[in-house]
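In: For reference, the sequence and a predicted model appear below.
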Amino acid sequence: MTRMFFASLAIFLWCAVPAAQEPQPQPGTAERIGEKIDRGLSQIGAELKQGWEEVRKSVEKMSVQGRVYGRLHWDKKLESAKLEISVRDSQEVVLSGKVASAAAKQKAEELARDTVGVGSVVNELTVTASK
């Protein structure tokens, strides 16, 4: 009889006592969270825009020679090249020095020609024989 009593009590309690539920968020909580996220994203967007403007200004201030140097210096095909960059008449870039291959010579000229502020390129690079 005690088994039946306890089984009945367990079933009664299971049915009578509501299951523990997580507290429901108060109305408007999701909206407040969404607003905070929107404000954060807007702030990030404004900071990125300001940072980009600063980068653009610094590039505009940078000389043609500096821009060409930056492009050539970071290219993998030209990492072992011994390059000299000079600028004539503010827009004509003269490339001199040594590169490892004809492809590297061509790549250097293309990068220089495609740099902002460059009008023309004189390619005086020499190809060194690879061993």
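Out: Structure received. Numbers count the residues shown, from 1 in each chain.
In: how much space between residue 117 and residue 78?
Out: 20 Å (Cβ to Cβ, to the nearest Å). Using the backbone N, CA and C atoms, a C-beta is placed for each residue, glycine as well.
In: Please apply the same query to residue 112.
Out: Applying Cβ to Cβ, the value for residue 112 to residue 78 is 11 Å.
In: Compare neighbour counts for residue 117 and residue 78 and give me the winner.
Out: residue 78 (21 against 17; other Cβ atoms under 10 Å).
In: Residue 86 - nearest residue in space that isn't next to it in sequence?
Out: The shortest distance from residue 86 to any non-neighbouring residue, by Cβ to Cβ, 6 or more residues apart in numbering, is to residue 94 (4.7 Å).
In: What average pLDDT does the helix or strand where residue 42 lies get?
Out: Assessed by DSSP states H and E, residue 42 sits inside helix 29-61. Helix 29-61 shows a mean pLDDT of 81.
In: Show me what it is packed against.
Out: Helix 29-61 is packed against no helix or strand, with contacts defined by 3 or more Cβ pairs under 8 Å, 6 or more residues apart in numbering; DSSP states H and E.
In: Skip ahead from that helix and say which helix or strand is next.
Out: Immediately after helix 29-61, counting by DSSP H and E, sits helix 64-73.
In: On the strand side of things, show who residue 95 bridges to.
Out: On the basis of DSSP bridges, residue 95 is bridged to residue 85, residue 123.
In: That one contacts residue 112, doesn't it?
Out: Yes - between residue 95 and residue 112 there is a contact under Cβ atoms under 8 Å: 6.0 Å.
In: which neighbours do these two share?
Out: Common contact partners of residue 95 and residue 112 (Cβ atoms under 8 Å, 6 or more residues apart in numbering): 85, 121.
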